[in-house]
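> Have a look at this prediction, sequence included:
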2 protein chains.
Amino acid sequence: MIPTIAWRDDRVVMIDQRKLPFKESYVVCTTLAQVVDAIRKMVIRGAPAIGVAAAMGLALGARRIRIQNRAAFERNFQRLCDQMASARPTASNLFWAIQTMQQVLRDHPQASGEELKELLRLKADELLAEDQAINQAIGQHGQAVVPNGATVLTHCNAGALATAGYGTALGVVRAAWETGKKIQVLADETRPFLQGSRLTAWELQQENIPVILITDSMAGYLMSQAKVQLVVVGADRIAANGDVANKIGTYTLAVLAKENKVPFYVAAPLSTVDLSVTTGKDIPIEERDPQEVTHSLGRPIAPPGVTAWNPAFDVTPNRLVHGIVTEKGIARKPYKRSLKTLKQKRA
Amino acid sequence: MIPTIAWRDDRVVMIDQRKLPFKESYVVCTTLAQVVDAIRKMVIRGAPAIGVAAAMGLALGARRIRIQNRAAFERNFQRLCDQMASARPTASNLFWAIQTMQQVLRDHPQASGEELKELLRLKADELLAEDQAINQAIGQHGQAVVPNGATVLTHCNAGALATAGYGTALGVVRAAWETGKKIQVLADETRPFLQGSRLTAWELQQENIPVILITDSMAGYLMSQAKVQLVVVGADRIAANGDVANKIGTYTLAVLAKENKVPFYVAAPLSTVDLSVTTGKDIPIEERDPQEVTHSLGRPIAPPGVTAWNPAFDVTPNRLVHGIVTEKGIARKPYKRSLKTLKQKRA
């Protein structure tokens, strides 16, 4: 498995997800600004992967701080955190990772700047390793809801490439597959960025898990024909009440699943759950460049000058969600209680 | 307005809709086989336009029959009809046009082959002109349901390019615009063939009717944000009970419209209503080449060797349809009665 993101000496290396599956190329970052740029331009994407990249970017940035004294280091580090926070607005994990890195400073009030640099690097390494373990645990909990023989519909890419490895929604698929269940995956292509056709199809192909590609507009028809037994998607941010922000098109699948009585599950680490946000209405939805919609893989698909909208995410109301699969178990309705309980549960 | 299809001397000329809006080129047909091929390859598409093309193709083919006697002419003509019927399976108008042309022979039992050739050409001309008038009438009936200030969502292209001119769903939009209503259109791009981004956006741009392009996955989110006041789509075949076969993705919009309490209308000529088909279950759904899904405008968007499905249409159950706008008025539930009544109504 090609790693999504890794250290190579003192540089952060990411596989360029804009180019996959046509080209396997890598972006090498030596500064925080380069990591911010890579997140913004979607070299790396997927909420858990963004969280890991943010932590690694901050560790990278911290190394460049010319230390005068502890107070100066803290001020400089805070500026790096502010810069990182501006990368993308929706994924909870970005802000969670920043807070986790800030906590390192609070946990070591006596540490010198040099020591903090080392501690931040260790924390970033820890988050990277932890994310893989979390995904495996999500897979273990989630595979129980996958019926043998099922066709599982997913949207976007919530796979190894969206995480430090293994995946959330695709982690559930992988775990079910590893237990020997005969399943196949229906992958929505996921316009405009085509994470489904480019990344999910490619990931599953690599492991010989059967995958069938469809356009985003076909999922409803196939559900109406009883060709889908389960929907599993990832999440970019989950509000305290269980409303789920995820890649644009997710809400549509949830409505179609309800109409056709197909179970609809979300798989995400608890770092995606943001208890400070009461409902989905308070989750900021990123609007991206309309050119992503007027073009496909950089090539125009519409007449010049046409206006386009490009909201990158939507919000699925909690009532449409059968369960939220986390590393500590599956949260069920009412989510306000179950999510809080899981967040507080010791590993 | 560029005509979708026209006679040029004794040839049938169509604007090549595969190339729009990037290139304005034309396909010239001198034989029935060329017209069949153009329909199959979607040089021309849209149920009413397919109907007109079929009639013109049969008139073209009839001219080439070397007449021995009336019986021989009839046998030859029947072969042409069979060939035309194989072009595409879903659009009702194709079969309706073939039947209409066959009726010419029945209506003139004494006519010679030479006379029949002329009569068939006249009938094809009549269908071409009639389709434009029908669309205008659909527009007049339909514009009444468009609120002033509305954002109207449409799917695929049910515009001038899908008909002999003016359009069905876009005919409703045009008529509302012509009465001075301030409206704007949300156009789904409509993967895989991109009729929305390529054709609908282009058509509306030409007439300065405000249009905003979105991906197919965005319609649900925008409905949930109360950004859509009306959905109007065309149809490829309507069963006697009001179930509607239309471009893949239409069913999804109807489900989303119900969930968000947005009126969902279908606009189509009565030639699209097939009373011989009881329900949508009996409408054949064309499956097209998976390469349309693994590619976009001929360029790969997925890893080589990936499996894909490509159903070209879906069926929207009658209960999700607020009204069917025809040239003789708007059919309402129960459709079994209203559609039959409208079909029998004198113009």
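Nice, thanks for sending it over.

> Quick check: which ranges of the stretch 201-347 of chain A have low pLDDT?
Low-confidence segments of the stretch 201-347 of chain A, defined by pLDDT under 70: A:347.

> where along it do the strands fall?
Taking DSSP state E, counting those that start in this stretch as the criterion, the stretch 201-347 of chain A carries its strands at A:211-214, A:230-233, A:237-239, A:244-247, A:264-267, A:273-274, A:295-296, A:299-300, A:307-308, A:313-316, A:323-326, A:329-331.

> Identify the residues contacting the fourth one?
Looking back up the chat, that one is strand A:244-247. Contact partners of strand A:244-247, identified using CB atoms under 8 Å, 6 or more residues apart in numbering or on different chains, comprise A:90, A:155-156, A:190, A:195, A:233-239, A:250, A:266, A:280, A:283, A:285, A:312-316, A:318, A:321, A:324. Heads up, the C-betas are built off the backbone N, CA and C, glycines and all.

> Filter these down to the buried ones, PyMOL style.
Below is the selection syntax for PyMOL that covers the buried ones among the contacts of strand A:244-247, with 16 or more other CB atoms under 10 Å in any protein chain shown defining burial:
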select buried, chain A and resi 90+155+156+190+195+233+234+235+236+237+238+239+250+266+280+283+285+312+313+314+315+316+318+321+324
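
> now for the strands of the stretch 201-347 of chain A, which one comes closest to B:Gly142?
Among those, the nearest to B:Gly142 by CB to CB is strand A:307-308 (24.0 Å).

> The closest one: partners in the sheet, and parallel or antiparallel?
Looking at strand A:307-308 with DSSP bridges, its paired strands and their directions are strand B:211-214 (parallel).

> residues in contact with the strand it pairs with?
Taking contacts as CB under 8 Å, 6+ apart, the residues outside strand B:211-214 that touch it are A:290, A:293-294, A:302, A:306-309, B:184-189, B:196-197, B:200-201, B:204-205, B:222.

> Apply 6 Å and report the result again.
If you take CB atoms under 6 Å, 6 or more residues apart in numbering or on different chains as the criterion, strand B:211-214 is touched by A:293, A:302, A:306-309, B:185-187, B:197, B:201, B:204.

> which of those lies closest to B:Ala129?
Distances from B:Ala129 to those, taken as CB to CB, are shortest for B:Leu204 (24.2 Å).

> Bridged to the closest residue to the closest one other than its chain neighbours, which residues?
Of all residues not flanking B:Leu204 in the chain, B:Val211 sits nearest, at 4.0 Å (CB to CB, 6 or more residues apart in numbering or on different chains). With DSSP bridges as the criterion, B:Val211 is bridged to B:Val185.

> What is the burial count for B:Val211?
Neighbours of B:Val211 under the rule other CB atoms under 10 Å in any protein chain shown: 25.

> A:Cys81 now?
Residues within reach of A:Cys81, counting by other CB under 10 Å, total 20.

> Over to A:Thr179?
For A:Thr179, the neighbour count with other CB under 10 Å is 14.

> Give the full set of residues in contact with the closest residue to it other than its chain neighbours.
Residue nearest to A:Thr179 in three dimensions, not counting chain neighbours: A:Gln143, with 5.9 Å by CB to CB, 6+ apart. A:Gln143 sits next to A:172, A:175-176, A:179 when contact means CB under 6 Å, 6+ apart.

> Go through those and single out the one with the most neighbours.
Taking other CB under 10 Å to define a neighbour, the member of these with the most is A:Val172, carrying 29 neighbours.

> residues touching that residue, list them.
With CB under 6 Å, 6+ apart as the criterion, the residues that contact A:Val172 are A:139, A:142-143, A:232, A:267.

> Out of these, which is nearest to B:Arg332?
Taking these together and measuring to B:Arg332 by CB to CB, the closest member is A:Val232, at 39.8 Å.

> Surely that closest one touches A:Pro263?
No: taking CB atoms under 6 Å as the contact criterion, A:Val232 and A:Pro263 are not neighbours in contact, 8.9 Å apart.

> Of these two, which one has the most company?
Ranked by neighbour count (other CB under 10 Å), A:Val232 and A:Pro263 place A:Val232 first, with 28 against 17.

> what about A:Arg106, how many residues close to it?
Other residues lying near A:Arg106 total 8 when counted by other CB under 10 Å.

> who in chain A is up against chain B?
Counting by CB under 6 Å from any CB of the partner chain, the residues of chain A lying close to chain B are A:21, A:191-192, A:194, A:197, A:201-202, A:205, A:212-218, A:220-221, A:248-249, A:251-252, A:255-256, A:259, A:293, A:296, A:301-303, A:306-309, A:314.

> For the contacts of A:Gln143, please prepare JSON lines with the additional fields secondary structure and pLDDT.
Output for those, formatted as JSON lines (DSSP: H, G, I helix; E, B strand; the rest coil; pLDDT from 0 to 100):
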{"residue": "A:Val172", "secondary structure": "helix", "pLDDT": "98"}
{"residue": "A:Ala175", "secondary structure": "helix", "pLDDT": "98"}
{"residue": "A:Ala176", "secondary structure": "helix", "pLDDT": "98"}
{"residue": "A:Thr179", "secondary structure": "coil", "pLDDT": "97"}
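
> Tell me the most packed of the contacts of strand B:211-214, by neighbour count.
That'd be B:Ala187 among the contacts of strand B:211-214, by other CB under 10 Å, with 31 neighbours.

> Tell me the secondary structure at it.
Three-state call for B:Ala187 (DSSP: H, G, I helix; E, B strand; the rest coil): strand.

> Contact partners for it?
Residues B:196, B:200-201, B:211, B:213 are the ones in contact with B:Ala187 under the rule CB under 6 Å, 6+ apart.

> Wait, a helix at A:Trp7?
No: the assignment for A:Trp7 is strand, going by three-state DSSP, so no helix is present there.

> Tell me what it is bridged to.
Each beta-bridge partner of A:Trp7 is listed here, defined by DSSP bridges: A:Val12.

> neighbours around it, how many?
For A:Trp7, the tally of surrounding residues (other CB under 10 Å) stands at 15.

> on that earlier part again, with distance to A:Val43 as added columns, please give the contacts of B:Ala187 in CSV.
Shown next, in CSV, are those (distance: CB to CB, whole Å):
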residue, distance to A:Val43
B:Gly196, 29
B:Thr200, 33
B:Ala201, 30
B:Val211, 32
B:Leu213, 26
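
> Just give me how far the longest helix along chain A sits from the chain centre.
Counting residues, the longest helix found in chain A (DSSP state H) is helix A:113-142. Helix A:113-142 has its average C-alpha position 15 Å from the chain's average C-alpha position, going by CA atoms, centre = their mean, to the nearest Å.

> for stretch A:45-54, same thing?
Per CA atoms, centre = their mean, the centroid offset for stretch A:45-54 relative to its chain is 6 Å.

> likewise stretch A:326-337?
For stretch A:326-337, the distance between its averaged C-alpha position and the chain's averaged C-alpha position is 18 Å (CA atoms, centre = their mean).

> Span of it from start to end?
Between the opening and closing residues of stretch A:326-337 there is a gap of 14 Å (CA to CA, to the nearest Å).

> So what touches that stretch?
So stretch A:326-337 is contacted by A:134, A:137-138, A:141, A:240-242, A:269-270, A:318, A:323-324, A:338-339, A:342, A:345 (CB under 6 Å, 6+ apart).

> What are the structural domain limits within chain A?
Structural domains assigned to chain A are A:5-136, A:139-346, following automatic domain parsing.
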